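In: Sequence and predicted structure below; questions after.
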Amino acid sequence: MKTMTPDHAAVLTIVESVGALADRGEFDALGRLFADEFTLDYSSLNGRPPEARQPLDLMAEWAGVLPGFDRTRHALSNLVVDVSGNAATARADVVASHWLDDRFWQVSGHYDYDLAKSAGEWAITSMTFTLEDEDGTRDVFGPAMAAAERSRGPGQSALIGERNKATVRKFFKTLENEDIPALVGLFSEDGVQVNPYHGGIFPAGAEGEEGLLAYWTPVPGNFDGMRFPIDELLATEDPDVVFVRYRGEIKLKDGAGYYKNDYYSTFRFNDAGEITEYVEIFDPVVAARGFGLLDQLK
């Protein structure tokens, strides 16, 4: 009988822990099993292509639904692990069962994992689920998500708040990088931007993907660089609402100096972590003076 190595055992434990921690709602510990960025492939189940994910993002998504079930169980069998240096693969058959009131949904298939070892620790770099059979109804997910929101505990709220705060940081980073498609991609399809203090000389806001692209696409070309240092970033009592206080440091073209203003904004998010509303509050007098439009301010 071949002796199991410590690396083999470590990988085996990680694979076994994914389902167990999900069933126990221990999302902080579950998130630590994944690399900082990993590939998630549930295409056989949901039809979406494989996607790069971050642990915080995925854990917030799972925390938004799994605790809403009366019980879930991910039963693994036939685990096979292959370790080669600092890389490993694993495969396991799975039967995942979900109960809520008189509703039931079950899928069976197998998981394939890639893992990498860094600084002595193994982490999942990709996870693929292949669907082989399905029983029950997916209609159970709507009630489960509603129940999860009603029973949301401090741990789930904190996780969702941290995910949404990370998206706010990404919002300003993509803006500084002038990556407008990525910026607009953070919004939901019906996401809106509202500028309540536009003063009649600045846009009042934008709505939907097309409107947001039309709003933001010309902006970088008007300046020689933009920075938005964040001074305060807080998830509110409702973790789907995030408050941020930040500064705008906009370098004007032709060596005309900088336009600087202070900003206060709120971001609202949906269950998928997409921005549904961004409210941008700035001092309209400072803005009008900065762009030589003070005489047009209403």
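Out: In hand now; what should we look at? From a predicted model like this one, the values you see are computed outputs, not experimental measurements.

In: what ranges do the strands span in the stretch 101-250 of the chain?
Out: Applying DSSP state E, counting those that start in this stretch to the stretch 101-250 of the chain gives strands spanning 103-118, 121-136, 187-194, 205-207, 223-227, 230-235, 241-252.

In: quick one: strands adjacent to the last one?
Out: Within its sheet, and counting by DSSP bridges, strand 241-252 is paired with strand 223-227 (antiparallel), strand 230-235 (antiparallel), strand 258-269 (antiparallel).

In: Take those and lay them out in CSV including mean pLDDT and mean neighbour count.
Out: All C-beta atoms are positioned from the backbone trio N, CA, C, and that covers glycine. CSV is the format used below for the strands paired with strand 241-252 (pLDDT from 0 to 100; neighbours: other CB atoms under 10 Å):
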stretch, mean pLDDT, mean neighbour count
strand 223-227, 94, 15
strand 230-235, 95, 14
strand 258-269, 95, 17
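
In: same for the helix or strand containing Met59, what does it pack against?
Out: Assigned by DSSP states H and E, Met59 belongs to helix 55-63. The contact analysis (3 or more CB pairs under 8 Å, 6 or more residues apart in numbering; DSSP states H and E) places helix 55-63 against helix 27-31, strand 34-41, helix 154-176.

In: which stretch in the ones you listed has the least confidence?
Out: Lowest mean pLDDT within these: helix 154-176, at a mean of 91.

In: got the angle for it vs strand 241-252?
Out: 10 degrees (axes from the mean of the first three to the mean of the last three CA atoms, to 10 degrees).

In: Taking helix 55-63 as reference, get the angle to helix 154-176.
Out: Going by the same axes, to 10 degrees, helix 154-176 makes 130 degrees with helix 55-63.

In: Between the strands of the stretch 101-250 of the chain, which one is closest to Pro67.
Out: Of all the strands of the stretch 101-250 of the chain, strand 103-118 sits nearest to Pro67, with 15.6 Å by CB to CB.

In: helices and strands around the closest one, which ones?
Out: Using 3+ CB pairs under 8 Å, 6+ apart: strand 103-118 touches helix 6-24, strand 87-100, strand 121-136.

In: now for the strands of the stretch 101-250 of the chain, which one comes closest to Ala96?
Out: Across the strands of the stretch 101-250 of the chain, closest to Ala96 is strand 103-118 (CB to CB), at 5.2 Å.

In: Relative to that closest one, what are the paired strands and their orientations?
Out: Checking strand 103-118 against DSSP bridges gives partners strand 87-100 (antiparallel), strand 121-136 (antiparallel).

In: would CSV of those with mean pLDDT, mean neighbour count and distance to Gly208 be doable?
Out: Output for the strands paired with strand 103-118, formatted as CSV (pLDDT from 0 to 100; neighbours: other CB atoms under 10 Å; distance: least, CB to CB, whole Å):
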stretch, mean pLDDT, mean neighbour count, distance to Gly208
strand 87-100, 98, 18, 34
strand 121-136, 97, 16, 33
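
In: if we compare those strands, which one ends up closest to Tyr42?
Out: Between the strands paired with strand 103-118, strand 121-136 lies closest to Tyr42; by CB to CB that is 5.2 Å.

In: Tell me which residues are up against that closest one.
Out: 7, 10-11, 14, 18, 33-35, 38-42, 44-45, 50, 88, 94, 98, 103-117 (CB atoms under 8 Å, 6 or more residues apart in numbering).

In: again, only using 6 Å
Out: 10-11, 14, 33-35, 38-42, 44-45, 104-116 (CB atoms under 6 Å, 6 or more residues apart in numbering).

In: do the same with stretch 167-186
Out: Contact partners of stretch 167-186, identified using CB under 6 Å, 6+ apart, comprise 209, 212-213, 216-217, 220, 226-228, 242, 244, 267, 275.

In: now, which of those sits nearest Asp23?
Out: Val242 (29.5 Å).

In: mind checking how far the residue nearest the centre of the chain is from Asp28?
Out: The chain has Asp57 as the residue nearest its centroid, 3.6 Å off, counting by CA atoms, centre = their mean. Separation of Asp57 from Asp28 (CB to CB, to the nearest Å) stands at 14 Å.

In: Could you do Phe243 as well?
Out: For Phe243 relative to Asp28 (CB to CB), the value is 24 Å.

In: try Gly248
Out: Taking CB to CB, one finds Gly248 at 35 Å from Asp28.

In: now Ile275
Out: With CB to CB as the criterion, Ile275 and Asp28 are 24 Å apart.

In: Next: Ala272.
Out: Distance from Ala272 to Asp28, by CB to CB: 21 Å.

In: In terms of neighbours, single out the busier of the two.
Out: Taking neighbours as other CB atoms under 10 Å, Ala272 and Asp28 compare with Asp28 leading, 14 against 11.
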